[in-house]
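Engineer: Sharing a model prediction with you, sequence too.
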Amino acid sequence: MFIVLLKYVAPLEQIDYALPDHREWVEKQYERGYFLASGRQVPRVGGVIITRPMPRGKLEALLATDPWASQNLVKYEITEFEATRTAPELVKLNEAVALQH
């Protein structure tokens, strides 16, 4: 799985203008089962996405389709990790991760 940190590289006015398209894109990723959690950083300097396990190349290609990326409004920092423990609420995710090994 991955933690993706989004860093805004444009003024918030530009971010907000493109926000509806970005939200639509995010919703599609949840529908496809790629994203587990997402939201704004506090303070509002960017965002955070937690993804399901997938090949890194697939994630990078997916992020390139984000309207914020295509408009050069954000930069991404991608960190891959293997969940070895989870809270009981995430036991299904932990089982899915274990099955990949």
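Structural biologist: Received it, and whenever you're ready, just let me know what you need. Residues are numbered from 1 along each chain as shown.
Engineer: Does residue 70 touch residue 64 like I think?
Structural biologist: Yes - using Cβ atoms under 8 Å, residue 70 is in contact with residue 64, at 7.4 Å. C-beta here means a position set from N, CA and C on the backbone, and glycine is covered the same way.
Engineer: how many neighbours does residue 61 have?
Structural biologist: Using other Cβ atoms under 10 Å, residue 61 has 10 other residues around it.
Engineer: cool, residue 69 as well?
Structural biologist: Residue 69 has 17 neighbours, counted by other Cβ under 10 Å.
Engineer: So it belongs to a helix, correct?
Structural biologist: Yes - assessed with DSSP: H, G, I helix; E, B strand; the rest coil, residue 69 lies in a helix.
Engineer: Pretty sure it sits against residue 61.
Structural biologist: No - using Cβ under 8 Å, residue 69 is not in contact with residue 61; the gap is 10.8 Å.
Engineer: Between those two, which contacts overlap?
Structural biologist: With Cβ atoms under 8 Å, 6 or more residues apart in numbering applied, the contact sets of residue 69 and residue 61 do not overlap.
Engineer: Mind pulling up the pLDDT for the residue nearest to the spatial centre of the chain?
Structural biologist: Computing the C-alpha centroid of the chain and ranking residues by Cα atoms, centre = their mean puts residue 49 first, at 2.8 Å. Note on residue 49: pLDDT of 97.
Engineer: Distance from stretch 2-17 to the middle of the chain?
Structural biologist: Here the centre of stretch 2-17 is set off from its chain's centre by 12 Å, with Cα atoms, centre = their mean, to the nearest Å.
Engineer: all strands for the protein, in order.
Structural biologist: For the chain, the strands defined by DSSP state E cover 2-8, 35-40, 46-51, 74-80.
Engineer: how about CSV for those strands, with distance to residue 22 added?
Structural biologist: Formatted as CSV, the strands of the chain follow (distance: least, Cβ to Cβ, whole Å):
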stretch, distance to residue 22
strand 2-8, 9
strand 35-40, 10
strand 46-51, 9
strand 74-80, 9
